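**Q** Structure for the following, please:
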Amino acid sequence: MTSMHKHYNDLVAKINQWDHEYYVLDNPTVSDAQYDQAFRELLAMEAGHPELITPESPSQRVGAKPIDEFQKIEHSVKMLSLANAFSLEETYSFFEKAAKELDRNPESLTLFSEPKLDGLAISIHYDHGLFSYAATRGDGEVGEDVSHNIKTIRSVPLKLATDKPPGKLDVRGEIFMPKAAFEKLNQLAQQNDGKRFVNPRNAAAGTIRQMNPKIAAERDLQFIPYGIGEYHGECVFKTHSDILAYLSALGFRKNPHCYAFAGSLEAFAENYRIMEQARAKLPMEIDGIVYKIDELALQTALGFIARSPKWAVARKFPAQQVTTQLLAVDFQVGRTGVLTPVARLAPVFVGGVTVSNATLHNMDEIERLGLCIGDSIEIHRAGDVIPKVVRVAAQGEDRKPIVMPGRCPVCAAAVERTAGQAAFRCTGGLSCAAQAAEHIRHYASRKFMNITHLGTKLIELLYGKGIIKTIADIYTLKPGDIAELEGCGEKSAQNVLDSIESSKTTKLGTFIGALGIPEVGEEGAKAIARHFKNYPAIAAASLDELMQVPDIGPVMAKNIVDFFHDEKNRAIIAKIIAAGVSWQDEQGDAAQEQVLAGQTWVLTGTLSVPRNEAKAVLERLGAKVSGSVSKKTSCVVAGRDAGSKLAKAESLGVKIIDEATFLQDFY
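**A** Sure, this is the predicted structure:
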């Protein structure tokens, strides 16, 4: 190593250490002038000798160019969300249930308490100690690549502080904006007549979704970890406390006021009292407390339900309630045509934001509340939840009844109410402009037609300019339609057109689900396709015929009949088919689909094939694919580095096969 290389590496290490002291430890050891001088020297060396630049150089935090679009990243380990509790009794009951399943006394459990940061969940991936990429939670299985912005956050190490880094490490945590930084950001926005953010969480989320990393670099975002996902390393963790201590040793910031305690009712009450008092003094917003069973073996034994673990719960702080006046009620039309009443309020400050709208859910709720325009009403807001009306505080002097319109406020089609349901629905279907943009998003989503480069923002731009009005218009897009839009270019346009072309070959069940027929979800669409085998049979099916399909009830059956009897809907589908969208009819696989009928399978670990593809294979064969292992599980497919699910399957005596066997026998 030359003396210049050594000096450069020493300079990088020194500046990174200063950043760690300042942004992680809150304990700066050098003056701003000394720091600036060293940073200028580093930039000068890199400008003169670009071959010196390393991934961990602090200059790389802000050197990235703006990106054209967010790429999708599949999480190797699912990012779970948490169940919520809103009282001491509900919190204690959650762990009583967990203890019962473990055949333990609740007070024998060691629990871990940490403030629930009000921010944005992120997974940061490191390869052999170096920052590789960062992704949002997304739907828990697939998120968006936001590496360009996360690298600008100085409490995120570009290189882990260890001589023995793990081969792979996913650090899960929260991106947030401190209170002081939020106030400063809004003051600048006000001075420049810019947009003010409603709260620190929205400011953090909006910043992370910027295309230009220089914007993120200018805002004081912070990162604090709360756990790990994928991990290939030597350390063996026995408790959640061990994991947080390990992450701190790697150079990550600690969450304040974290500690372990015994799970008695009195201990929960004391913990809540302490955290509620500390809340106002913390430099960041928190909206509750996260409680976890500390012992990892017990976490594994409990597993999770759907998207939330059975060993952790978030106790939310109480909702804030205020009184204001109901000025008017508007009716918004959603993707499925449902009209939702929205209260327009005299603006009132609650929960850190000024609120002027609140949800009213449906006409049954309005009737239950006895609500009229002009009334004084009480609303409440918890965290980032949309405010809702709690009760009528006082009747107005000139009250006006709230009436559901007989015609859609957007397309003027008739509004109907399905017998036995609370919802009123516009009958305009695919031709209703209010439903169109949401229909297009639904149709193009990963779950259905999987048009990967046609994201929400681009759909809004195209729809706003009138370039696409229905899902059929997707297939008439030309390069110029996209390339001329703000933030797009020829490469982006070609990526979109390529993804549209590749989506044209699909499955019948996927296509039926993509149409967005009210009440018809992914599984319902697959069931319909399996039963009728081909599209003409589905489109011509009667109410009685549809009722013969397993799990299809009278409401869903009527929605399907109404959808395909609508001439405008049929015309749009005809255009899509004419554009080249095709699928294989289902009868060829009919016998094969019964092979795993009635069985429940679980996929775990890292697979060499995309997980959603493996899931689709099992579902085609009739199996239900679950996210958790139980005594009812028929078989577990264990990929590389399978963890807790494999361990639980072994403890329950569930059949286990490796990926090679799965591919050989079922692909």
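**Q** wait, Glu490 sits on Ala483?
**A** Yes: using Cβ atoms under 8 Å, Glu490 makes contact with Ala483 at a distance of 5.1 Å. Every C-beta, even on glycine, is put in place using the N, C-alpha and C of the backbone.
**Q** Give the residue from these two that has the larger number of neighbours.
**A** Comparing Glu490 with Ala483 by other Cβ atoms under 10 Å, the one with more neighbours is Ala483, at 15 against 11.
**Q** The closest residue to Ala181 other than its chain neighbours: helix or strand, and which one exactly?
**A** The spatial neighbour of Ala181 that comes closest, neighbours along the chain excluded (Cβ to Cβ, 6 or more residues apart in numbering), is Asp220 at 3.7 Å. Assessed by DSSP states H and E, Asp220 sits outside every helix and strand.
**Q** give me the number of residues near Asp220?
**A** Burial measure for Asp220: 17 neighbouring residues, criterion other Cβ under 10 Å.
**Q** which residues does it contact?
**A** By Cβ atoms under 8 Å, 6 or more residues apart in numbering, the contact list for Asp220 reads Met177, Pro178, Ala180, Ala181, Lys184.
**Q** Now do the same contact list for the second one.
**A** Which is Pro178. Under the contact definition (Cβ under 8 Å, 6+ apart), the residues listed for Pro178 are Pro200, Asp220, Gln222, Pro283, Met284.
**Q** now it: how far from Glu567?
**A** Shown here: Pro178 relative to Glu567, a distance of 57 Å by Cβ to Cβ, to the nearest Å.
**Q** now swap in Leu621 and tell me
**A** According to Cβ to Cβ, Leu621 stands 38 Å off from Glu567.
**Q** do the same with Ala180
**A** 59 Å.
**Q** Next: Gly229.
**A** Taken as Cβ to Cβ, the span from Gly229 to Glu567 is 50 Å.
**Q** ok, these two, which is more surrounded?
**A** Here Gly229 and Glu567 are compared on neighbour count by other Cβ under 10 Å; more neighbours surround Gly229, at 19 against 9.
**Q** residue contacts, that one?
**A** Counting by Cβ under 8 Å, 6+ apart, Gly229 makes contact with His75, Ser76, Val77, Met79, Ser123, Asp170, Val171, Arg172.
**Q** With secondary structure, distance to Tyr259 and neighbour count added, can I get the residues you listed in TSV?
**A** Converted to TSV, those look like this (DSSP: H, G, I helix; E, B strand; the rest coil; distance: Cβ to Cβ, whole Å; neighbours: other Cβ atoms under 10 Å):
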residue	secondary structure	distance to Tyr259	neighbour count
His75	coil	29	22
Ser76	coil	30	19
Val77	coil	26	19
Met79	coil	25	22
Ser123	strand	25	25
Asp170	strand	25	22
Val171	strand	21	25
Arg172	strand	20	21
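**Q** so which of those would you say is closest to Lys478?
**A** Lowest distance from Lys478 to those (Cβ to Cβ) belongs to His75, with 35.2 Å.
**Q** Surely that closest one and Ala135 touch.
**A** Yes: counting by Cβ under 8 Å, Ala135 is a contact partner of His75 at 6.9 Å.
**Q** Now for those two: what residues contact both?
**A** Residues touching both His75 and Ala135 by Cβ under 8 Å, 6+ apart: Ser123, Gly143.
**Q** which residues of the stretch 151-300 of the chain score low on pLDDT?
**A** Counting by pLDDT under 70, the stretch 151-300 of the chain has low-confidence residues at 193, 195.
**Q** quick one, helices of it?
**A** Read by DSSP state H, counting those that start in this stretch, the stretch 151-300 of the chain holds these helices, from start to end of the chain: 179-191, 200-208, 213-217, 240-249, 265-278, 296-302.
**Q** repeat for the stretch 451-600 of the chain
**A** Counting by DSSP H, counting those that start in this stretch, the stretch 451-600 of the chain has helices at residues 456-464, 479-483, 490-502, 508-514, 522-532, 535-540, 543-546, 554-565, 567-578.
**Q** for these, which one sits closest to Ser93?
**A** Checked against Cβ to Cβ, the stretch from those lying closest is helix 522-532, at 31.1 Å.
**Q** Tell me the helices and strands packed up against the closest one.
**A** For helix 522-532, the contact count by 3 or more Cβ pairs under 8 Å, 6 or more residues apart in numbering; DSSP states H and E identifies helix 508-514, helix 535-540 as packing neighbours.
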